[in-house]
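Peer 1: heads up, no residue letters with this:
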């Protein structure tokens, strides 16, 4: 018997049949005597449909009213899933984020969780009820409805697991777990049965869509054992834990790629204190997430600066950069949106010199040009042409022998 | 300058264009300096669609989860309407029933309002904001989401007007006001510009769909001036007030008809104390609303009992009546669902004998058979064959000269 938080994404509850399947899946865990808290997203494309409807009414609605609108998506899901559980006679109660007491700050559409009240859930768990909680949403102390932004439902699940001190947080999704690379692009990609928080965080941040980095960060912080598995097939998933017992020789655990990248470069930026800071502050104020930043070696007190941003933000960013460029007095601004980021990730890199060099060699062999490079202790990322991504991933997967990966852990995410 | 509560029904916010029109209508009242609280229903068929979706998941969902599901319909409407007002730069804030503090009992799907907290609304009215409130919904003291059942949004509007001591409650709908008869059936039907609460209550109870009797009752209790008008054309509507200054000779104000009627008859019911009470208690426990009850004169300690119920409840009612009939020992049970109720309503009837007789004569002239009759101080209702309704309404409208009606009131519901 354990306290388990399960999270089902939008594709898992996209239609009536799937909702019934989720209910059956929950009933299996319930019949084993587990206490269950279920987090559920809005069905399928509901959120996108609501956003597109709102744009017809007002191209620039306030974030507060957008939250009011979007929060209905998950509310429909929790009610329907609760009804599906009632139909198979599992005692159940559903709660919106507001009702259950997920307290956030007041930054509408991008709220962060400050606190979770657990008394209402604990009361209902005592009565052996399955609790269904709307993902992605919360409320401020003034009862304003907020949404958590991207990765919101994963974050809700991990936050609930942390607050309730759950034994496990299971993320049910449309893939079978965490793979060494995207299996749609790399045929030999294999599923990892365990991965560390740090590696998962890098993979997620670098574009692996399976988990949102925010939720992994939270899981790491509160040491919530996280399990990623399929809601469609009953197979062992991937467990994300503090210390997975990896074989020592395993240097690279997985590959990630991100197609939502654009690159901006400024030439001949005067090397004066505050210049870069002013530029990046202006981008931050516009809520543009700058990822890689590369500053070339100074020559004659003049720098070249290049950085990457999400492709969707390119127009907005260029506006800001052009204005800042004029003030600074740069000679030229260039940009590209036909680029992508390819990364290798592995905790073993820390103690294995030469991993980056090996990556560059593999890519060079494929005649792939590296436009930018960025490294951390456990990852190396390269910006390359978007048309080279497929080729790069397969070459790296082969080169680092990821098809032969074996990861073992004491913890497991069994079917 | 006044404090006005406006209510817009589902057809008024059924699509983006209509939502924008409603926003324009609100902006007109706002620009005159009025303080505004807007109550809005779920768009078009949203509620029916959600119910049908839920039935696919669970044919008999709990009322609690049904409320959780249905409450999303109005929440979508308030967010979209708020966005439409933002688009034309009217300061606005939307609230769900839970947020604004519409406190109800805990009878899910049929909750009754116990209390309305006005502090949050008053705060925002002070800031000159238009307040949008989700109709049809409230919350219990335990923050459970409830819905108010049929006529819910009208009831929300009137209750808010009462709690806020509003100067006027305007009900915007898809008809231009209250008519002397249904204009789709009676070509000469004319719009009343004023009507008393009591008459409106009878008309609404007897099948006129324009206002729900529950909201009229509440308006009468708290003396809320109620105005019914079209959200599609800018015309004078009908005002419902305590004492409209009617011309004295006006005996009948309007006709109502109800096609949602079924009739059940029990023959040879022993005339013992408690027999009728047991039967009708059983029907009440099944939430079946019994309307007209006729008990024939006793002969040899045996009665015939006939009564009407909503047509939708016929199957459920027959089950109960057959069971009760066996216990009581009736000789036979008959029923009919091809009947309808036609009624005349008018406050002048109290002091005008012979109105009922005149009604019967008019119907007799048309060779319309009266299956049941029921009277109150200000109305006479007859059950007739459903195929005779059109004929009956036109004959009564002519006979009581309702095409010549002139009603005047000090209060008016001007365009």
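Peer 2: Thanks, I have it. Just so you know, these numbers come straight off a predicted model, no measurement behind them.

Peer 1: hmm, stretch A:127-134 in reach of chain B?
Peer 2: No. If you take CB under 8 Å from any CB of the partner chain as the test, stretch A:127-134 misses chain B, and the best it gets is 9.1 Å. (Glycine included, C-beta is placed from N, CA and C.)

Peer 1: Return the set of buried residues in that stretch.
Peer 2: Neighbour-count burial for stretch A:127-134, with 16 or more other CB atoms under 10 Å in any protein chain shown as criterion, is recorded at A:129, A:130, A:131, A:132, A:133, A:134.

Peer 1: Now tabulate these in CSV and tack on pLDDT, distance to residue A:287 and secondary structure.
Peer 2: Formatted as CSV, the buried residues of stretch A:127-134 follow (pLDDT from 0 to 100; distance: CB to CB, whole Å; DSSP: H, G, I helix; E, B strand; the rest coil):
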residue, pLDDT, distance to residue A:287, secondary structure
A:129, 98, 40, coil
A:130, 98, 37, strand
A:131, 98, 34, strand
A:132, 98, 32, strand
A:133, 98, 28, strand
A:134, 98, 25, strand
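
Peer 1: among the residues you listed, which two are most distant?
Peer 2: By the measure CB to CB, A:129 and A:134 form the most distant pair in the buried residues of stretch A:127-134, at 16.1 Å.

Peer 1: Could you tell me how many residues sit around residue A:377?
Peer 2: For residue A:377, the tally of surrounding residues (other CB atoms under 10 Å in any protein chain shown) stands at 9.

Peer 1: My read is that it contacts residue A:351, right?
Peer 2: No. Counting by CB atoms under 8 Å, residue A:377 does not reach residue A:351; the two are 10.1 Å apart.

Peer 1: before we move on, the earlier item: ok, so of the buried residues of stretch A:127-134, who is nearest residue B:72?
Peer 2: Distance to residue B:72 across the buried residues of stretch A:127-134 (CB to CB) is lowest for residue A:134, with 10.5 Å.

Peer 1: give me the number of residues near the nearest residue to the closest one once chain neighbours are set aside?
Peer 2: For residue A:134, ignoring the flanking residues on the chain, the nearest one in space by CB to CB, 6 or more residues apart in numbering or on different chains is residue A:74 at 3.7 Å. Number of residues near residue A:74 (other CB under 10 Å) recorded here: 32.

Peer 1: Helix, strand or coil: sort out residue A:74 for me.
Peer 2: Under DSSP: H, G, I helix; E, B strand; the rest coil, the three-state class of residue A:74 is helix.

Peer 1: Identify the residues contacting it.
Peer 2: A:40, A:41, A:42, A:96, A:97, A:134, A:135, A:136, A:137, A:153 (CB atoms under 8 Å, 6 or more residues apart in numbering or on different chains).

Peer 1: In strands, which of the residues you listed fall?
Peer 2: A:40, A:134, A:137 (DSSP state E).

Peer 1: So residue A:127 sits against residue A:92, correct?
Peer 2: No. Using CB under 8 Å, residue A:127 makes no contact with residue A:92, being 10.6 Å away.

Peer 1: got the angle between the helix or strand harbouring residue A:84 and strand B:130-134?
Peer 2: Using DSSP states H and E, residue A:84 sits in helix A:63-87. Helix A:63-87 and strand B:130-134 meet at an angle of 10 degrees, taking axes from the mean of the first three to the mean of the last three CA atoms, to 10 degrees as the criterion.

Peer 1: Any buried residues in helix A:63-87, and which?
Peer 2: Applying 16+ other CB under 10 Å to helix A:63-87 flags A:64-86 as buried.

Peer 1: How about stretch A:312-331?
Peer 2: By 16+ other CB under 10 Å, the buried positions in stretch A:312-331 come out as A:313, A:314, A:317, A:318, A:320, A:321, A:324, A:325, A:328, A:330.

Peer 1: What average pLDDT does it get?
Peer 2: Averaged over stretch A:312-331, pLDDT sits at 87.

Peer 1: State the number of residues packed around residue A:14.
Peer 2: Residue A:14: 18 neighbours (other CB under 10 Å).

Peer 1: In contact with it: list those residues for me.
Peer 2: Going by CB under 8 Å, 6+ apart, residue A:14 touches A:43, A:44.

Peer 1: Over to residue A:288?
Peer 2: So, once contact is read as CB under 8 Å, 6+ apart, residue A:288 ends up touching A:309, A:310, A:313, A:316, A:317, A:320.

Peer 1: for the residue nearest to it when sequence neighbours are not counted, helix, strand, or coil?
Peer 2: Closest residue to residue A:288 apart from its sequence neighbours, by CB to CB, 6+ apart: residue A:313 at 4.7 Å. Following three-state DSSP, residue A:313 is assigned to helix.

Peer 1: can you check residue A:380 too?
Peer 2: Applying three-state DSSP: residue A:380 is strand.

Peer 1: Just grab the bridge partners of it for me.
Peer 2: residue A:344, residue A:375 (DSSP bridges).

Peer 1: Can you name the helix or strand that residue A:258 falls in?
Peer 2: strand A:254-270.

Peer 1: now the angle from the helix or strand just after that strand to strand A:254-270?
Peer 2: Of the helices and strands lying after strand A:254-270 in sequence (DSSP H and E), the nearest is helix A:275-285. Interaxial angle, helix A:275-285 versus strand A:254-270 (the same axes, to 10 degrees): 130 degrees.

Peer 1: Name the residues that touch helix A:275-285?
Peer 2: A:266, A:269, A:290, A:293, A:295, A:305, A:307, A:309, A:317, A:320-321, A:323-324, A:327-328.

Peer 1: Show me the strands in the stretch 51-200 of chain A, by range?
Peer 2: A:92-95, A:102-104, A:113-116, A:130-134, A:137-139, A:145-147, A:168-173, A:194-196 (DSSP state E, counting those that start in this stretch).

Peer 1: Throw those strands into JSON lines and include distance to residue B:159, thanks.
Peer 2: Shown next, in JSON lines, are those (distance: least, CB to CB, whole Å):
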{"stretch": "strand A:92-95", "distance to residue B:159": "26"}
{"stretch": "strand A:102-104", "distance to residue B:159": "30"}
{"stretch": "strand A:113-116", "distance to residue B:159": "33"}
{"stretch": "strand A:130-134", "distance to residue B:159": "27"}
{"stretch": "strand A:137-139", "distance to residue B:159": "24"}
{"stretch": "strand A:145-147", "distance to residue B:159": "22"}
{"stretch": "strand A:168-173", "distance to residue B:159": "43"}
{"stretch": "strand A:194-196", "distance to residue B:159": "56"}
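
Peer 1: mind listing what's buried in stretch A:158-165?
Peer 2: In terms of neighbour count (16+ other CB under 10 Å), stretch A:158-165 has its buried residues at A:158, A:159, A:160, A:161, A:162, A:163, A:164.

Peer 1: just to revisit the earlier point, give the buried residues for the strand holding residue A:258.
Peer 2: Under the neighbour-count criterion of 16+ other CB under 10 Å, strand A:254-270 has A:254-258, A:261-269 buried.

Peer 1: Same question for stretch A:279-293.
Peer 2: A:279, A:280, A:282, A:283, A:288, A:290, A:291, A:292.

Peer 1: wait, what's in contact with the residue nearest to the last one when sequence neighbours are not counted?
Peer 2: Counting by CB to CB, 6+ apart, residue A:292 lies nearest to residue A:374, which is 4.3 Å off, once chain neighbours are set aside. Listed by CB under 8 Å, 6+ apart, the contact set of residue A:374 reads A:292, A:294, A:380, A:381.

Peer 1: I am assuming the first one contacts residue A:380, so please confirm or correct that.
Peer 2: Spelled out, it's residue A:292. No. Contact between residue A:292 and residue A:380 fails when scored by CB under 8 Å: they sit 11.4 Å apart.

Peer 1: quick revisit: nearest to residue A:143, of the buried residues of stretch A:279-293?
Peer 2: Among the buried residues of stretch A:279-293, and counting by CB to CB, the member closest to residue A:143 is residue A:288, at 31.2 Å.

Peer 1: Good, we can wrap up now.
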